[in-house]
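Colleague: What follows is a protein structure lacking sequence information:
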């Protein structure tokens with residue numbers, strides 16, 4: 001089947017272009033940059049990482065270790081690993097962006 005440019009979702013349904021599961025995969029797997037691992041201020045203001053550690057993100061965990069528990073070396077290591085992880089994901093997106101499906105508006 002090859003790659004096609006999709007301009008609107010309605011013609012796909014009318015022409016039976018694909019099943020609803022394939023359509024859902026197109027919608028869910030399209031390129032989306034997620035910054036949920038970088039959320040800090042919402043967690044700090046609303047919950048302080050609680051109840052327990054349910055809303056603790058990696059950035060908030062780094063903050064806690066560095067400035068609450070004064071484990072500066074551990075916090076520096078976590079932030080370096082987070083930086084490398086974000087760099088790898090960004091490079092992968094940059095390399096693979098030619099395969100993405102782009103919708104015309």
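Modeller: That came through, no problem. Predicted model, so just to flag it, every value in this text is computed and none were measured.
Colleague: For the protein, just list every one of the helices.
Modeller: Counting by DSSP state H, one finds helices in the chain at the ranges 10-14, 20-28, 41-46, 58-63, 72-96.
Colleague: Could I get the buried residue list for the third one?
Modeller: By neighbour count, with 16 or more other C-beta atoms under 10 Å as the criterion, the buried positions of helix 41-46 are residue 43. (Each C-beta comes from the backbone N, C-alpha and C, glycine too.)
Colleague: what sits up against that helix?
Modeller: Contact with helix 41-46 is made by 49, 55, 56, 57, 60, 63, as judged by C-beta atoms under 8 Å, 6 or more residues apart in numbering.
Colleague: hmm, back to that, quick one: which of the helices of the chain is nearest residue 105?
Modeller: helix 10-14 (14.1 Å; C-beta to C-beta).
Colleague: Quick one: low-confidence residue ranges for this protein.
Modeller: Low-confidence regions of the chain, defined here as pLDDT under 70, cover residues 1-38.
Colleague: one more time with 90
Modeller: Residues of the chain that meet the criterion pLDDT under 90 lie in 1-46, 48-59, 82, 85-86, 89-105.
Colleague: quick one, domains of it?
Modeller: 1-30, 34-98 (automatic domain parsing).
Colleague: returning to what we had before: among the contacts of helix 41-46, which ones are buried?
Modeller: 49, 56, 57, 60, 63.
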